[in-house]
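Peer 1: okay, sequence plus prediction incoming.
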Amino acid sequence: MKYHSQKIALAYFVTAMALFLVQVSVGLLLGWIYVAPNTLSDILPFNIARMLHTNSLIVWLLTGFFGAAYFIIPEEAEREIHSEKLAYIQLAILVLGTAGVVVTYVFDLFNGNFLLGKEGREFLEQPLWVKLGIVVAALIFLYNVSMTVLAGRKTAITNVLLIGLWGIALLFLFALYNPSNLSLDKMFWWYVVHLWVEGVWELVMASILAYLMLKLTGVDREIVEKWLYVIVGTALFSGILGTGHHYYWIGTPAYWQWIGSIFSALEVVPFFLMMVFSFVMVWKGRRDHPNKAALLWSLGTTTLAFFGAGVWGFMHTLHGVNYYTHGTQITAAHGHLAFFGAYVSLNLAIFTYAFPILWNRDPYNQVLNMASFWLMAGGMAFMTFVLTFAGTIQTHLQRVMGQYYMDVQDQLSLFYYMRFGAGLAVVLGAILFIYAVLVPRREVIEPGPAVQTAAE
Amino acid sequence: MTRDKADTQLMDGGGGKDRDADDLGDEDWGVLGELPGDLMMWVLIVSEFLVFGAALIAFLGVRITDPAGFAADQALLDRTAGAANTIVLVTSGLCAALAVRARDTEARRQARYWLYAACLLGLVFLTVKGFEYWSKACLGIGIDTSQFFTFYYLITGFHAAHVVAGIVLLTLVSFRDSRRNMETVAAFWHMVDLVWVLLFPIIYVLG
C-alpha cells in the first residue's frame, strides 16, 4: 500500500461484503418463497423481501465503488485522499441510511409519512430522509475525491471514474422527483435506474477494469487508455437513448419503441469491447502478477457481463420480442446474470486485488478465492439458464396461449426448485469468498515451483 | 507492413508535429492509426452508421407489412425539396473537403472561408427541411400519424439534429483550426452527408 489513505477502502469493502451477504441471503429466501409461496407471508411479505434484495444489492455495489475510488485514486493521483475523516463520515451516513431503510421496510414504520415513510416506488422506495442522506453522502464523497484528483495527477482512469461517479450522484437527484402521474413517474424513474446501470455505472466499470488491467498485466498505460475511451464512447452512445427500451409500454409515445430498440441493441457493443479488452490485455501483458484470483475475476466480470448484460439483454430488448416477454422470468434471468457479471464480479475483482495489499499480506488464499469464483459463477449461470427456460415457457403459456398467471406459475415449479439450488451455490460461494479474503493468512495449497517449459 | 508505412508510423507516432495535445496517438492501432482525424470520431461514425442503417432496414422491413399505406404517405413528401437538399448537402461536404485541403497548404484564412461556406449550406439545408416539416404540420401530419411518418420524423429528425451539431462543430474548428481538428470535423460532416444520400432514396424515392 503506497498511500496511507487507501486504508479507507478497507472499511468500505468490509461494509459492502456484509451487505452482499444480506443481499444473497434474502435472495435465497425469495427463491424459497417461489417454491413455497406462503413462507413468512405474514412477517416478511415477498414484496418487502424483494425490496431488501434489490436495495441491498445497489447499496453494496455503490459502497464497493466508493471504496474502489478511495483505493484507486490515491495511486492514480499520486497523493493522499483530501480528508480521511470525511470519508469515514460519509460511510457512517451510508450505514445509518441503510439501517434506517431496512428497519422502515421490515416493520413498515411511519406508513404514509412524507419524510419518514417508504415512498412505494419500485427500487426508489427509500424514505425521503434516506434519499437526502444519500445526497449528502454523495456530496461529501465527490468533494473529497475531486479535491484529491484536482490537486494531483490526472489520468484517463481517474477522469472517467470521476465522470461516472459525478453522473451517479447527479442522476440520483431524479429520485427526489415523484410525480403523481404514473407514466411520468416511471419515465423519470428510469433516469436513475437505467442511466445508472446502463450509463454511468459502465464508466465506473470500465475505469476500474482499466486500472486492474494496468496493474495485473503490465500493459502500457497509453494502450489501456485508448481502449477505455472507445469503451466509454460506445457505452454512452448506446446507453443514453437505450433508455427508450423501458418506454415501450408505460404510456410514452410509440416512437420510443424504435428509438429504444435500435439504440439498446447497440448496448451489447461496449460489453463486447470490455471482454475483448480484458483478454487482449492479458494476451499482450508481460507481467506475471501473483494475484491470479484477481485476474480470474477480472476476466470473469467482462465475460459474464457480456453474456448477462449484452446477450441476455439483447435477447428481449427489441420491442417486438419484449411485447411478449416483458416482466416474465426472462427479465429475471437477464437481471441476475447482468448484475452478477457486470457489477458484482467487478467489485469482487477489485476486492480480490486490493485486500492482500490492504492487509499487507502476499497474495494468499488464491485457491479458496478461485473456488468461490467458480461456485458463484456456476451457480449464477445455472440460475440464468433455468430462469430462461422458465421464462420461455411462461411467455408461451401466458402471453401466447393466454393462460392465467398463477396457473402458469404452478407449471414452472420444477424450475423454481432448480433456481433455489443454484441460489444456494451462490450463497455458499459468497461465504467462501468473504472467508477467503478476510481470514486465512497463508496459502491453503502450496503453489508449485515456477518452471519454464516449452509448449508441448 | 511495407517500409514506407512503417516509416510514416514512426514519424507520426507519439504525437508528432501536426498532432494536438489531446491526440490519443496511433501506436498499435495498425491500419486504424492511419485514419485521418481523431480515432474516436471514427468510433462515432461507425456507431452512427449502425444506428441509421438499423433504422432504414427497420423502415424497409415495416414497409413490407403495409406497402400501400407507405406508398400513399410517401406521395405526400416533397421530392423536389429532398433532391435540392441532396445537392446542397453534398456541395457543403465539398466545401469542408476543400477547407481541409486549404489547411494542408497552410492557407488558413482560405480554409476558414471554406468552413463558413460549408456552414452556410448546412443552414440552407435546415431551412429547406424546416419548410418541409412546416408544410407537413399544416396538413396535420405528425410523428404519430402513421408508421411511415414515425420513421420519417425519427430518421430525418435525427439527421437534422446531426446537421445542427455539424454546423456547431464546423464553426468551432474555424477558430481552433489545427489540421487534425479540421480532419476530424470534416469526417463527421461527410458522415452526415452520406447518411442523407442513403436515406433520401430509401424514404423519398424508392417505390
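Peer 2: Done, it's in.

Peer 1: how many other residues sit next to A:Ile134?
Peer 2: A count of neighbours around A:Ile134, defined by other Cβ atoms under 10 Å in any protein chain shown, yields 22. Where C-beta positions appear, they are placed from N, C-alpha and C, glycine not excepted.

Peer 1: same question, B:Ala54
Peer 2: 16.

Peer 1: give the contact list for the nearest residue to it once chain neighbours are set aside.
Peer 2: Spatially, and ignoring its direct neighbours in sequence, B:Ala54 is nearest to A:Ile262 (4.7 Å; Cβ to Cβ, 6 or more residues apart in numbering or on different chains). Counting by Cβ atoms under 8 Å, 6 or more residues apart in numbering or on different chains, A:Ile262 makes contact with B:51, B:54-55, B:58.

Peer 1: ok, so of those residues, who is nearest A:Tyr191?
Peer 2: Of all these, B:Val51 has the smallest distance to A:Tyr191: 21.3 Å, by Cβ to Cβ.

Peer 1: wait, isn't the closest one in contact with A:Leu266?
Peer 2: Yes. The pair B:Val51 / A:Leu266 is scored as a contact, 7.0 Å apart, by Cβ atoms under 8 Å.

Peer 1: can you give me how far the helix or strand encompassing A:Thr331 is from the chain middle?
Peer 2: Using DSSP states H and E, A:Thr331 sits within helix A:329-338. Here helix A:329-338 is found 13 Å from its chain centre; the criterion is Cα atoms, centre = their mean, to the nearest Å.

Peer 1: thinking again about what came up before, could you check how far the residue nearest to B:Ala54 is from A:Glu78?
Peer 2: Distance of A:Ile262 to A:Glu78, given as Cβ to Cβ, to the nearest Å: 43 Å.

Peer 1: can you check A:Leu337 too?
Peer 2: Going from A:Leu337 to A:Glu78 by Cβ to Cβ gives 38 Å.

Peer 1: neighbour count: the two, which is higher?
Peer 2: Taking other Cβ under 10 Å, A:Leu337 and A:Glu78 do not tie; A:Leu337 has more neighbours (26 against 14).

Peer 1: longest helix anywhere in chain B?
Peer 2: The single longest helix within chain B, with elements called by DSSP state H, is helix B:108-138.

Peer 1: ok, it near chain A or not?
Peer 2: No. Applying Cβ under 8 Å from any Cβ of the partner chain, one finds helix B:108-138 separated from chain A by no less than 15.1 Å.

Peer 1: just checking, what packs against that helix?
Peer 2: When contacts are defined as 3 or more Cβ pairs under 8 Å, 6 or more residues apart in numbering or on different chains; DSSP states H and E, helix B:108-138 sits against helix B:79-104, helix B:147-175, helix B:179-199.

Peer 1: for chain A, find the nearest of those.
Peer 2: The closest of these to chain A is helix B:147-175. By Cβ to the nearest Cβ, the value is 5.2 Å.

Peer 1: and that closest one with helix B:108-138, angle?
Peer 2: With axes from the mean of the first three to the mean of the last three Cα atoms, to 10 degrees applied, the angle from helix B:147-175 to helix B:108-138 works out at 160 degrees.

Peer 1: and helix B:147-175, average pLDDT?
Peer 2: Average pLDDT, helix B:147-175: 97.

Peer 1: counting contacts, what elements does it pack onto?
Peer 2: helix A:256-265, helix B:39-65, helix B:67-75, helix B:108-138, helix B:179-199.

Peer 1: report the distance from it to the chain centre.
Peer 2: Centroid separation for helix B:147-175 versus its chain: 8 Å, with Cα atoms, centre = their mean.

Peer 1: buried residues, that helix. List them.
Peer 2: Burial within helix B:147-175, assessed by neighbour count using 16 or more other Cβ atoms under 10 Å in any protein chain shown, is assigned to B:147-156, B:158-160, B:162-163, B:166-167, B:169-170, B:173-174.

Peer 1: what's the answer for stretch A:151-166, then?
Peer 2: In terms of neighbour count (16+ other Cβ under 10 Å), stretch A:151-166 has its buried residues at A:152, A:155-166.

Peer 1: what pLDDT does the closest residue to A:Leu96 other than its chain neighbours get?
Peer 2: Spatially, and ignoring its direct neighbours in sequence, A:Leu96 is nearest to A:Gly133 (7.0 Å; Cβ to Cβ, 6+ apart). For A:Gly133, the model assigns a pLDDT of 95.

Peer 1: A:Gly133 contacts A:Thr98, doesn't it?
Peer 2: No. Look at A:Gly133 against A:Thr98 with Cβ under 8 Å: they stay out of range, at 9.6 Å.

Peer 1: who's more crowded, these two?
Peer 2: Taking other Cβ under 10 Å, A:Gly133 and A:Thr98 do not tie; A:Thr98 has more neighbours (23 against 19).

Peer 1: for the more buried one, which three-state class applies?
Peer 2: When classified by DSSP: H, G, I helix; E, B strand; the rest coil, A:Thr98 comes out as helix.

Peer 1: quick check: which element contains the nearest residue to it once chain neighbours are set aside?
Peer 2: The shortest distance from A:Thr98 to any non-neighbouring residue, by Cβ to Cβ, 6+ apart, is to A:Val59 (5.4 Å). In the assignment (DSSP H and E), A:Val59 maps to helix A:46-77.

Peer 1: which elements pack onto that helix?
Peer 2: With contacts taken as 3+ Cβ pairs under 8 Å, 6+ apart, helix A:46-77 sits against helix A:8-35, helix A:84-107, helix A:128-151, helix A:156-172, helix A:201-217, helix A:345-358.

Peer 1: max pairwise distance over the buried residues of stretch A:151-166: which two?
Peer 2: Greatest spacing in the buried residues of stretch A:151-166, by Cβ to Cβ: A:Gly152 and A:Gly164 (18.1 Å).

Peer 1: one step back: next, the angle from the longest helix of chain B to helix B:179-199.
Peer 2: Angle, helix B:108-138 to helix B:179-199, by the same axes, to 10 degrees: 30 degrees.

Peer 1: what is the neighbour count of A:Leu182?
Peer 2: Quick note: A:Leu182 (other Cβ under 10 Å) scores 10 neighbours.

Peer 1: likewise for A:Gly313?
Peer 2: Going by other Cβ under 10 Å, the residues that sit close to A:Gly313 add up to 23.
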